[in-house]
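Enquirer: I need the structure of the sequence given here:
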Amino acid sequence: MTDPLRNKVMSSLRWSVVQSWGVKALNLLLYLILARLLNPTEFGIAGAVALVLLLQQMVAEFGFADALIQRKDIAKRDITLPFVAGVGGAIALSLIVTLFAHQIERLINVSGLAPYLIVASMFAPLATATAFQEALYKRDLDFKPLAIRQFVALIASGVVGVSCAVMGMGAWSLIAQSATYTVAGLIWLWRKPRWVPTRQYDVISFKTIGKFGASIFSARLMDFFATRAIDFVIVTLHGVAALGIYTIGSKLYLTAMELLFRAFMDVSLSALSKIAHDSARLAATYKRVVSTSSLFGTPIFFAMAALSPEITHLLFGNKWAGSELVMAPLMLIGGMQCIQFANGPYLTAVGRPHLTLWLTLLKLAAVLPAITLIHSGNVAQLVDIYVLALLIVTPFSFMLVAKVLGIRVRDIINWIAPGLLGSGAAYLSVWLARDTVGTYNINSIGQLFIFGLLYSIVYFGMVAMTARAPALETVRFMRSRT
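Expert: Numbering: from 1, shown residues only. Sure, this is the predicted structure:
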């Protein structure tokens with residue numbers, strides 16, 4: 001790699017991390033403020049709108065943006081038809097949502113949803129247009145404007161959203177925040193566009209891009225229903241306020257997955273392609289990744305599960321009581337997912353990306369029947385069912401990657417067991433201590449300190465007894481890379 005290219009890649013990486021970590025942290029802070037100002041019903045209405053629009057935008061964009069990023073060579077005429085198809089599709093879908101807003105309202109059983117849907121859907125074509133510029137910036141490894149754009153858009157939308165909430169506008173505050181974010185992002189990227197619409201187009205190129213985009217779209221669509229079907233079931237069976245509770249309860253889980261896993265995986269992906277031909281090195285790096293995730297990622301998720309009553313009370317307030325029952329099981333499965341999600345990149349590295357698609361199908365086949373056919377009395381029970389369904393699929397993921405990489409399943413179990421057992425024991429110790437500590441009427445901050453200390457002592461004690469050498473080896477490895 002030449003020095004100019006290396007410098008560009010490193011600069012892009014730094015700004016990508018800023019975008020990933022900084023933006024997520026700022027977005028979480030904004031969520032905390034709005035959660036204090038709004039109630040579960042208002043959050044639920046906005047969550048239902050966001051769910052419909054997310055599906056709408058996914059269909060409209062159709063994977064074109066990612067296809068443009070992956071394309072080796074690109075000319076201005078190659079972008080024209082994908083852009084027209086994407087934005088045109090977004091406009092058409094916005095009209096459909098507007099025309100059938102009341103039917104959608106009845107379908108997902110959210111009274112009064114139609115006006116919010118109609119207004120919010122008007123901004124969907126703008127988001128699609130922005131996605132194309134964003135893709136071209138990423139293609140050029142120019143992440144700095146993207147990071148700055150997200151900060152500017154978040155700050156502007158945060159000011160609008162919080163101001164509207166203070167004025168008592170309820171769910172409209174979140175709609176206004178989302179609309180402001182979309183418009184600010186559009187203006188920021190299109191003021192210095194990497195491409196402008198032209199009359200030149202290439203039909204053959206469009207077919208190639210469309211074929212690639214279709215594979216991306218199909219995978220994303222299946223993953224959407226595997227991961228977001230629970231939102232539809234919650235709002236349909238348990239009401240919009242329950243969806244609001246779930247939205248808040250799952251927020252920290254989703255943020256933790258982004259901060260602790262996605263940024264790490266983005267950095268590691270490029271390295272895998274360089275050793276894909278060396279099965280021994282690939283297996284060795286897989287061991288390093290899963291053991292590190294187990295020892296350092298899993299305990300963080302399990303700790304947040306153990307401390308979920310104190311965390312949700314301190315961050316969100318009393319009116320969000322019940323969100324801890326959503327947060328805890330999601331954090332527990334997150335402790336497993338932060339290990340499991342390493343499997344996908346390794347399957348791709350050895351030229352088996354279609355196996356990831358089959359795993360997504362398996363997850364969909366497990367989740368959908370479970371959450372739709374098994375009775376749940378409330379949102380917490382539904383989340384428990386959802387998490388158990390995900391857990392059932394987990395062994396298949398490890399068995400598949402073991403076969404492909406030529407390693408034994410029992411070896412993988414040995415690599416991840418210390419972190420899982422230590423985290424499980426620490427979680428159980430906090431759970432058992434709750435009744436005893438609760439009798440002393442200690443406030444949430446005090447309980448957070450006591451339970452956090454107990455969790456840390458038990459976890460590090462377990463690791464010291466069962467996996468001292470692997471843990472020290474992992475720490476030395478991580479220090480050598482910093």
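Enquirer: switch to C-alpha atoms for all contacts and neighbour counts from now on
Expert: Fine.
Enquirer: Now residue 372. Nearest residue, chain neighbours left out?
Expert: Leaving aside its sequence neighbours, residue 372 sits nearest to residue 233 (C-alpha to C-alpha, 6 or more residues apart in numbering; 7.0 Å).
Enquirer: do residue 327 as well
Expert: residue 249 (4.6 Å).
Enquirer: low pLDDT regions in the stretch 1-150 of the chain?
Expert: 1-21, 70-72, 141-143 (pLDDT under 70).
Enquirer: For it, just list every one of the helices.
Expert: 3-17, 23-37, 40-61, 64-70, 76-99, 101-107, 114-121, 124-139, 144-166 (DSSP state H, counting those that start in this stretch).
Enquirer: can you give me phi and psi for residue 191?
Expert: phi -70, psi -30 (degrees, to the nearest 10).
Enquirer: cool, and residue 408?
Expert: Dihedral angles (degrees, to the nearest 10) for residue 408: phi -90, psi 140.
Enquirer: Which one, of the helices of the stretch 1-150 of the chain, ends up nearest to residue 336?
Expert: helix 23-37 (21.6 Å; C-alpha to C-alpha).
Enquirer: what residues does the closest one touch?
Expert: If you take C-alpha atoms under 8 Å, 6 or more residues apart in numbering as the criterion, helix 23-37 is touched by 147, 150-151, 154, 158, 161-162, 165-166, 248, 251-252, 255, 258-259, 315-317.
Enquirer: Does the most centrally placed residue in the chain lie in a helix or a strand, and which?
Expert: Centroid-nearest residue in the chain: residue 254, 5.1 Å away (criterion: C-alpha atoms, centre = their mean). If you go by DSSP states H and E, residue 254 is part of helix 240-257.
Enquirer: now what about that helix, what contacts it?
Expert: 24, 28, 35, 39-45, 47-48, 110, 231, 234-235, 301, 312, 320, 322-327, 330-331, 334, 338, 379.
Enquirer: That one: which residues count as buried?
Expert: 240-253, 255-257 (16 or more other C-alpha atoms under 10 Å).
Enquirer: which other helices and strands contact the top helix by length along the chain?
Expert: Criterion DSSP state H: the longest helix present in the chain is helix 203-238. In terms of contacts (3 or more C-alpha pairs under 8 Å, 6 or more residues apart in numbering; DSSP states H and E), helix 203-238 is packed against helix 40-61, helix 64-70, helix 76-99, helix 240-257, helix 353-373, helix 379-405.
Enquirer: Show the contacting residues for the residue nearest to residue 232 when sequence neighbours are not counted.
Expert: Nearest residue to residue 232 in three dimensions, chain neighbours excluded: residue 108, at 6.9 Å (C-alpha to C-alpha, 6+ apart). If you count contacts by C-alpha under 8 Å, 6+ apart, residue 108 has them with 232, 235-236.
Enquirer: who wins for neighbours among those residues?
Expert: Counting neighbours by other C-alpha atoms under 10 Å, residue 235 comes out on top of the contacts of residue 108 with 23 neighbours.
Enquirer: OK, contacts around that one?
Expert: Contacts of residue 235 by C-alpha under 8 Å, 6+ apart are 44, 48, 108-110, 241-243.
Enquirer: Using TSV, lay out these together with distance to residue 62.
Expert: What follows is those, written out as TSV (distance: C-alpha to C-alpha, whole Å):
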residue	distance to residue 62
44	27
48	22
108	24
109	28
110	28
241	32
242	31
243	27
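Enquirer: Quick check: buried residues in stretch 283-290?
Expert: Those would be 283, 286-290, for stretch 283-290 by 16+ other C-alpha under 10 Å.
Enquirer: before we move on, the earlier item: quick check: of the contacts of residue 235, which lies closest to residue 132?
Expert: residue 48 (25.6 Å).
Enquirer: got a list of what the closest one touches?
Expert: 231-232, 235, 240, 243.
Enquirer: ok, now residue 307?
Expert: 448, 451-452.
Enquirer: In terms of pLDDT, where does it sit?
Expert: For residue 307, the pLDDT comes out at 96.
Enquirer: same thing with residue 454?
Expert: 96.
Enquirer: What about it, how many residues nearby?
Expert: Residue 454 has 16 nearby residues by other C-alpha under 10 Å.
Enquirer: Now for it: which residues touch it?
Expert: 426, 429-430.
Enquirer: any idea which of those residues has the most stuff around it?
Expert: That'd be residue 426 among the contacts of residue 454, by other C-alpha under 10 Å, with 26 neighbours.
Enquirer: Nearest spatial neighbour of residue 418, chain-adjacent residues omitted?
Expert: Nearest non-adjacent residue to residue 418 (C-alpha to C-alpha, 6+ apart): residue 467, at 6.0 Å.
Enquirer: pretty sure that neighbour contacts residue 416?
Expert: No - judged on C-alpha atoms under 8 Å, residue 467 makes no contact with residue 416 at a distance of 10.3 Å.
Enquirer: Show me which of the two is the more surrounded one.
Expert: Ranked by neighbour count (other C-alpha under 10 Å), residue 467 and residue 416 place residue 416 first, with 21 against 18.
Enquirer: which residues does that one contact?
Expert: By C-alpha under 8 Å, 6+ apart, the neighbours of residue 416 are 290-291, 294-295.
Enquirer: host element of it?
Expert: Residue 416 belongs to helix 409-438, assigned by DSSP H and E.
Enquirer: what comes up buried for that helix?
Expert: 409, 412, 415-427, 429-430.
Enquirer: Quick one: distance of stretch 399-408 to the chain centre.
Expert: 26 Å (C-alpha atoms, centre = their mean, to the nearest Å).
Enquirer: quick one: contacts of that stretch?
Expert: 279, 282-283, 343, 346-347, 350, 409, 412.
Enquirer: which one of those sits closest to residue 389?
Expert: residue 343 (18.5 Å).
Enquirer: burial of the closest one, as a residue count?
Expert: 20.
Enquirer: For it, which residues are in contact?
Expert: Contacts of residue 343 (C-alpha under 8 Å, 6+ apart): 397-398, 401.
Enquirer: gap between residue 61 and residue 465?
Expert: 52 Å (C-alpha to C-alpha, to the nearest Å).
Enquirer: Out of the two, name the residue with the larger neighbour count.
Expert: Under the neighbour definition other C-alpha under 10 Å, residue 61 and residue 465 were set side by side, and residue 61 has more, 26 against 11.
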